[in-house]
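*Asks:* just a sequence and a predicted model for now, questions to come.
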Amino acid sequence: MNIIGPQLRAYRNKHKLTLDQFSNKLNLCGIDISKAVLSKIENCERKITDIQVLQFAMCLSLSLDELYGQEHTQDLIHLHMKKAVI
């Protein structure tokens, strides 16, 4: 239900953070999220909004390409361009 979950997990693992520690880090940035919800996001079982994606990117100092994965970013751009033409 989302495509950034695997990248969030990779970030967390790279920085050797538990779900609880990761949740606390995000909470300090003003992102109110529990470790249970974060786990669902990492496992792509929960939808997230575009605003939440931006919040994650800003809090973690990641680009949208890093969060979406570059191949997904290009797909999203093409999809948006097709919808804009219709």
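*Replies:* Right, received. Where do you want to start?
*Asks:* distance check, residue 49 against residue 58.
*Replies:* Residue 49 sits 14 Å away from residue 58, going by Cβ to Cβ, to the nearest Å. For the C-beta atoms, the positions are set from N, CA and C on the backbone; glycine is no exception.
*Asks:* counting neighbours, go ahead and name the busier of these two.
*Replies:* The neighbour comparison of residue 49 against residue 58 (other Cβ atoms under 10 Å) goes to residue 58, with 12 against 9.
*Asks:* what about the more buried one, which helix or strand?
*Replies:* Assigning secondary structure by DSSP states H and E places residue 58 in helix 50-60.
*Asks:* what do you get for residue 8?
*Replies:* Residue 8 is part of helix 5-14, with elements assigned from DSSP H and E.
*Asks:* packing partners for that helix?
*Replies:* helix 35-42, helix 64-68 (3 or more Cβ pairs under 8 Å, 6 or more residues apart in numbering; DSSP states H and E).
*Asks:* closest one to residue 26 among these?
*Replies:* Nearest to residue 26, of all the helices and strands packed on helix 5-14, is helix 35-42, at 7.3 Å by Cβ to Cβ.
*Asks:* now residue 10: how far from residue 30?
*Replies:* Distance from residue 10 to residue 30, counting by Cβ to Cβ: 23 Å.
*Asks:* what about residue 3, how many neighbours?
*Replies:* 17.
*Asks:* state the pLDDT value of it.
*Replies:* Residue 3 is assigned 89 on the pLDDT scale.
*Asks:* ok, back up a step: mind listing what's buried in the helix holding residue 8?
*Replies:* With burial defined by 16 or more other Cβ atoms under 10 Å, the residues of helix 5-14 counted as buried are 5, 7, 8, 9, 11, 12.
*Asks:* and for stretch 59-70?
*Replies:* Within stretch 59-70, the residues that count as buried by 16+ other Cβ under 10 Å are 60, 62, 64, 66, 67, 68, 69.
*Asks:* run the chain-centre distance for it.
*Replies:* 8 Å (Cα atoms, centre = their mean, to the nearest Å).
*Asks:* and for stretch 27-47?
*Replies:* That offset, for stretch 27-47, works out to 9 Å (Cα atoms, centre = their mean).
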